[in-house]
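Participant: sequence plus the predicted model coming up.
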Amino acid sequence: MSNTSNVSHFSLGAYFDTGALKYLYFMIIMSLYIVIISANVSLIVVICMNRSLHEPMYIFLCSLFMNELYGSTGLFPFLLIQILSDIHTVSASFCFLQIFCVYTYASIQFSNLAVMSYDRYLAICHPLQYNTLMTFNKVAVLIAFTWFYPFLAIFILISLSVSLQLCGNIINKVYCDNYSIVKLACSDTTVNNIYGLVYTFTTIILVLLIFYTYIKILKVCFSGSKQTRQKAVSTCTPHLASLLNFSFGCFFEIVQNRFDMKHVPNMLRIFFSLYWLTCQPLFNPVMYGLNLTQIRIRFQSTV
């Protein structure tokens, strides 16, 4: 029995021979990656260049768009190489690096959405105290939490996985996945499972807190004026849509990891495993770019 330090590489077992179609898939993935980079960079530039957008809500949005770039870069170049490759292997060190990138991306996404919901809660439910409650220092602390907590939590998760003894090196995915590596373990995984459950539980609490803030926002909206309702709907709809879309994708990923999906066509399994990593970076720029008037106006004037 050897530990992961003696496993030089992992084989990705979800890939299958697509023949000449691999060039078509390569072009599709490449096009998606270019669109994601262009859309998110454009919105970051618009927010940074316009002083009127240097407000907490747009600063949190800028953090969200930066995370989309980070997560996409951790996945898309790797996919492009693997699509054209005939041997779908990856070194153990790079595999863990990709797991770190993908998992921190997902955690930052939820943290960022939680901070954004808190910001909207203060703006709509406590408008008179908003400027005193959401100070520059508080924005800086929330941004630091959004990024620091996921990096620390996932670093611990990866450290526990690296120390495992493995009985195989085949991961039945198109990218590296921590749960798949844990399933390869010959050694005791009790600590990994407990930490994974605790981490999942904290993420669920984070999601519940997000929904709680929006319930409070909706109560204010229905009891307020028509103008208040319109403002709340225009700013909160993209946040809720983004949360539901990402949660939907994560749910598919969890189901695929935890249950036997052999009866599901391979192409469909690949689509579901990539949905939460590819759809969100495309979804967010469209939702926020089209629904938030200030961003739309500034983007049109910049272009």
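Facilitator: Nice, I can see it.
Participant: looks to me like residue 17 is in a helix.
Facilitator: No - counting by DSSP: H, G, I helix; E, B strand; the rest coil, residue 17 is not found in a helix; it is coil.
Participant: just the strands in the stretch 151-300 of the chain please.
Facilitator: For the stretch 151-300 of the chain, strands defined by DSSP state E, counting those that start in this stretch occupy the ranges 165-166, 170-171.
Participant: where does the protein have low pLDDT?
Facilitator: 1-6, 224, 228, 231, 260-261, 290-303 (pLDDT under 70).
Participant: that older thread, okay, the strands of the stretch 151-300 of the chain in JSON lines with mean neighbour count next?
Facilitator: The way it works is simple: take the backbone N, C-alpha and C, and place the C-beta from them, glycine included. Output for the strands of the stretch 151-300 of the chain, formatted as JSON lines (neighbours: other Cβ atoms under 10 Å):
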{"stretch": "strand 165-166", "mean neighbour count": "19"}
{"stretch": "strand 170-171", "mean neighbour count": "18"}
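Participant: of those, which approaches residue 148 most closely?
Facilitator: Between residue 148 and the strands of the stretch 151-300 of the chain, the tightest spacing by Cβ to Cβ is seen for strand 170-171, at 28.7 Å.
Participant: for residue 87, find the nearest of the strands of the stretch 151-300 of the chain.
Facilitator: Across the strands of the stretch 151-300 of the chain, closest to residue 87 is strand 170-171 (Cβ to Cβ), at 13.1 Å.
Participant: that older thread, let me have the strands of the stretch 151-300 of the chain in a markdown table, extended by distance to residue 16.
Facilitator: Below are those laid out as a markdown table (distance: least, Cβ to Cβ, whole Å):
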| stretch | distance to residue 16 |
| --- | --- |
| strand 165-166 | 24 |
| strand 170-171 | 14 |
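Participant: out of those strands, which is closest to residue 67?
Facilitator: Set against residue 67 and scored by Cβ to Cβ, the strands of the stretch 151-300 of the chain come closest in strand 170-171, at 24.5 Å.
Participant: okay, now the sheet partners of that closest one, with direction.
Facilitator: strand 9-12 (parallel) (DSSP bridges).
Participant: buried residues, whatever helix or strand comes next after the strand it pairs with. List them.
Facilitator: Heading C-terminal from strand 9-12, the first helix or strand you meet, by DSSP states H and E, is helix 21-49. Using 16 or more other Cβ atoms under 10 Å as the test for burial, helix 21-49 gives 22, 26, 29, 32-33, 36-37, 39-40, 42-44, 46-47.
Participant: cool, stretch 262-276 as well?
Facilitator: Using 16+ other Cβ under 10 Å as the burial criterion, the residues of stretch 262-276 that qualify are 269-270, 272-276.
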